[in-house]
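**Student:** return a 3D structure for these sequence lines:
(one chain, ligands or ions: 1)
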Amino acid sequence: MTKAHSANAGNEERVRRIAETATHLGGRETLRRVEMVDRRRGPAGEDVGNVVEMEHVNLTVPDQGMATLFYISGLGGTRDPYLMVGTENMWVNIGEQQFHLPTQVAQVIHGHVGLVVSDLAALIQRLGDVQDRLAGTSFQWEAEDGLVKVTCPWGNQFRCYASSQGSGGMTAGISYVEFLVRPGTADGIKEFYRRVLRAPASMVRDENGTAARVLVGRGQALIFRETAEVLRPYDGHHIAVYVADFSGPYRALKRRGLITEEFANHQFRFQDIVNPKTGEKLFQLEHEVRSMRHPMYRRNLVNRDPALSLGSYVRGRDAFAP
Ligand SMILES: [Fe+2]
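**Tutor:** Numbering: from 1, shown residues only. Below is the predicted model of the structure:
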């Protein structure tokens, strides 16, 4: 089941059959990709590290109507009802995380975002429902063993996994973001996160090559995978993380001249990831770094149950508990 379904290839019967099959998808792939606790490390495998949560991924979008179709109707997210409720920006809640989608020329991550969803079959059904309305864009999706690969209308790629024991207790949310990086840079990136952000980080060598894996929460990671592909120039997309030790990373980045937005309102920003020994620039990714005193830390994010419809409505079951 690897055939891609573009917006022009709508077929209700095929979507129904794929959705039925997805209810029987195996969990092997899910566990391998999303597993966040290394049981071989014993008690040390329980350590979360200094980055306690990756809260949002910020990707500008040129069209809020299309973004609503993709992120809300398709992926099943919930529009934040309290903040950014106009057409200049939309915050989309998925579990305890968010996508921030300000209106601008599209930003695209060279890599992909790993999502945990409550029901893969329901996701497939929703993607089938929106595909005709996203015709003529980059939108497409395909179901494989244990995951659904989705491309947004502007080219961002998502891999969606069912909730499992390996997803750190996450039933819906942003589990990881994988960035493609230059050959020979992953080890330096790993050291940067260990020494500067004080996050647990390790090297992964698998059938997909070499990568640095950085823990950024209970069930969350950043993955930096080396590729021979020509990398797309960095376009300013960003992530937001909360850290327990705030001043340590701040001082380490300040000393290296890497702070891009000075400390204010419980946060600062940096963009360059450097080799901590040599100072060589290895990768660019803006980080919005927040302290746990930030008023939005562990904000209660509203999640609807995306399975609810006019036909299936059950009184009092509007909310989904992530
Ligand atoms: Fe942000």
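
**Student:** longest strand of the protein?
**Tutor:** strand 281-291 (DSSP state E).

**Student:** now that strand: mean pLDDT?
**Tutor:** Here strand 281-291 scores 98 as its mean pLDDT.

**Student:** could you do stretch 92-107 as well?
**Tutor:** Averaged across stretch 92-107, the pLDDT comes to 98.

**Student:** and that stretch, end to end?
**Tutor:** 16 Å (Cα to Cα, to the nearest Å).

**Student:** returning to what we had before: would the longest strand of the chain count as contacting the ion?
**Tutor:** Yes - figure legend: strand 281-291 in contact with the ion (Cβ under 5 Å from the ion); contacting residues Glu288. Using the backbone N, CA and C atoms, a C-beta is placed for each residue, glycine as well.

**Student:** then stretch 261-276?
**Tutor:** No - judged by Cβ under 5 Å from the ion, stretch 261-276 stays clear of the ion, getting no closer than 8.7 Å.

**Student:** closest residue of the stretch 1-150 of the chain to the ion?
**Tutor:** Asn58 (4.5 Å; Cβ to the ion).

**Student:** so the residue lying closest to that residue once chain neighbours are set aside bridges to which residues?
**Tutor:** Nearest residue to Asn58, sequence neighbours excluded (Cβ to Cβ, 6 or more residues apart in numbering): His100, at 4.1 Å. For His100, the beta-bridge partners under DSSP bridges are Asn58, Trp91.

**Student:** so how many other residues sit close to Pro295?
**Tutor:** By other Cβ atoms under 10 Å, the residues close to Pro295 number 8.

**Student:** how about it, what does it touch?
**Tutor:** Neighbouring residues of Pro295 by Cβ atoms under 8 Å, 6 or more residues apart in numbering: His266.

**Student:** wait, a strand at it?
**Tutor:** No - counting by DSSP: H, G, I helix; E, B strand; the rest coil, Pro295 is not part of a strand but coil.

**Student:** ramachandran angles for it?
**Tutor:** Pro295 adopts backbone torsions of phi -60, psi -20, taken as degrees, to the nearest 10.

**Student:** which stretches in the stretch 1-150 of the chain count as helices?
**Tutor:** 12-22, 28-34, 64-67, 120-130 (DSSP state H, counting those that start in this stretch).

**Student:** between the ones you listed, which gets the lowest average pLDDT?
**Tutor:** Here these differ in mean pLDDT, and the lowest is helix 28-34 at a mean of 44.
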